[in-house]
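>>> I'd like to go over a predicted model; first the sequence, then the structure.
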Amino acid sequence: MSVCKPKNTGATANTSTMKRAQLVFVPCPGIGHLVSTVGFAKLILGRTENFLITMLVINHPYDPSVNSYVESLFATHTQIKSITIPAIAAPPVEALTEKVFTQFIRDHSPLVRDAIVNQVIANSPDPVASVIVDLFCACFIDVAKELGVPSYVFFCSDAAFYGLTVYLSEREDGGQPKFRESDLDYTIPSYANPVPYRVLPLVHRDQAYETFGALGRKYKESNGVIINTFSELESHAVNTLVARDDLPSIFTVGPLIDHKGKGLSGSEAAKRDEIMKWLDDQHENSVVFLCFGSQGAFREEQLKEIAIGLESSGQLFLWAVRKPPSPGEIMPGYYTRYDEIFPAEFLEKTKNIGRLCGWAPQVEVLAHRAVGAFVSHCGWNSTLESLWYGVPIITWPYYGEQQINAFQLVKDLGLAVELTLDFRRDCSTDFVKAEDITKAVKYMMEQGSEYRAKAKATGEIAKQVLLEGGSSYVAFGRLIEQWLGNKL
């Protein structure tokens, strides 16, 4: 299925006879955004030799480890040029909201423009075919317009969520009221089922609602939207978007997955080896993996409830446990001793059936034959990784758009078992009980063969769409032709 408008042949152009052009990427300074953006850039370079790629890197204002990760990322991908944008003053953590963050990104506009003019255009005779901006960096569409360069949005989340941002912009433009808890479920075109208020915490607050509506409005000014998904996975959302002539062309080029991850050394390499050795000793589909992303950290009361639930389930488990951020910080840390938070009897009873770790090589773990279920925050990168390797998901969304992702996985796609759809990290009363954890884990591990079969089938499709003739391969070829046609 092709999801690119206008229609054309879909074949990749004969690159050997064409000149070169430049692509400039401006990713959001978050690990999940950077990983999928670099993965997309690698895909481009693997498909054609016609592009020179430059990444304009905005410093992460709160987490130095992201900046060091960026350095290692580009050290291993030397064919991608990186330019670091000068750092600017960041708002204090306690004042951070979606609106404040997008303003922080917008404040980089003069610096981004200068980098493109003075370090990209001035240093190469090859024309710039496009400026490709992250979903949170839509403000740089204006920079591209000023320079007379086409712009594309790289949407590293899913197609349905892109549709939600469009819906919010049009709801606001139509003068409709913001979401209210008393409302009936919403009919949002990119979701197959009515969407309840409880799975939309991302836009419960007026500022967040307005911010994502403004982003959806801005996306319409681009020349196209590139989405890290594939049409067979999100057929309803993709068909809904493609049917509209008033939106930019969309290109579903996913799944983009970093199968290798970052290079490990020292203690991280040793931890990785210990985890993989433990998994090697377990039976196929026997282990529940719990991991909640780079910001997934629960308060101690919830951690203890998870421990009780896992113990009661009787299932083997691998659990990546993180420590909540310290005051004034945004990123979680690691516990040095688990007996500081878990009862000694839990550690004793589960020492033969469970393994605790602060960090885990997620892709390698999901790829292991022993893993039979993934208790996940439902971040989009993690979702694609899980499905690629045929591991069914138990939903525990945490922040951002994860609740609506979980809703789509459970209700629209039938690829996940619901543990919770509406947990909120910023709500002190939200609490998932041990018995609910036990129930969801036991059900998936003991009766979830249907979910496992569907996840495996989806994983096979995910692999096929990237091969020649597959839907993502074809859409990607048309995108390349569009870029080359812009300047050559």
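Everything's here; your move.

>>> Tell me the confidence at S68?
Per-residue pLDDT puts S68 at 73.

>>> Could you look up the SS state of the residue lying closest to G39 once chain neighbours are set aside?
Distance criterion C-beta to C-beta, 6 or more residues apart in numbering; nearest residue to G39, sequence neighbours excluded, is L256 at 4.0 Å. C-beta coordinates here come from the backbone N, C-alpha and C atoms, glycine included. Assigned with DSSP: H, G, I helix; E, B strand; the rest coil, L256 falls in the coil class.

>>> count of neighbours near L256?
If you count neighbours by other C-beta atoms under 10 Å, L256 ends up with 23.

>>> can you check E305 too?
By the criterion of other C-beta under 10 Å, E305 has 18 neighbours.

>>> pretty sure it is touching D430, no?
No. Counting by C-beta atoms under 8 Å, E305 sits too far from D430 to count as a contact (11.7 Å).

>>> I'd like to know the beta-bridge partner residues of G224.
Under DSSP bridges, the beta-bridge partners of G224 are Y152, S249.

>>> average pLDDT across the strand or helix carrying V24?
Assigning secondary structure by DSSP states H and E places V24 in strand 21-26. Over the span of strand 21-26, the pLDDT mean works out to 97.

>>> So which residues of the stretch 101-250 of the chain form strands?
Ranges of strands in the stretch 101-250 of the chain, per DSSP state E, counting those that start in this stretch, are 128-134, 151-155, 224-227, 249-252.

>>> partners of the strand holding V24, with directions?
Strand 21-26 has these partner strands in its sheet, going by DSSP bridges: strand 51-57 (parallel), strand 128-134 (parallel).

>>> now the helix or strand following it, how far from the centre of its chain.
Using DSSP H and E, the helix or strand that follows strand 21-26 towards the C-terminus is helix 31-47. For helix 31-47, the gap between its own C-alpha mean and the chain's C-alpha mean amounts to 12 Å (C-alpha atoms, centre = their mean, to the nearest Å).

>>> Give me the buried positions along helix 31-47.
Neighbour counts over helix 31-47 (16 or more other C-beta atoms under 10 Å) mark 31-45, 47 as buried.

>>> count of neighbours near the spatially closest residue to G163 that is not a sequence neighbour?
Leaving aside its sequence neighbours, G163 sits nearest to S190 (C-beta to C-beta, 6+ apart; 2.5 Å). Residues near S190, counting by other C-beta under 10 Å, number 25.

>>> the inter-axis angle of the strand holding V24 versus helix 31-47?
Relative orientation of strand 21-26 versus helix 31-47 (axes from the mean of the first three to the mean of the last three C-alpha atoms, to 10 degrees): 170 degrees.

>>> coming back round to it: okay, the strands of the stretch 101-250 of the chain in TSV with mean neighbour count and distance to C378 next?
What follows is these, written out as TSV (neighbours: other C-beta atoms under 10 Å; distance: least, C-beta to C-beta, whole Å):
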stretch	mean neighbour count	distance to C378
strand 128-134	26	20
strand 151-155	26	17
strand 224-227	24	17
strand 249-252	26	19
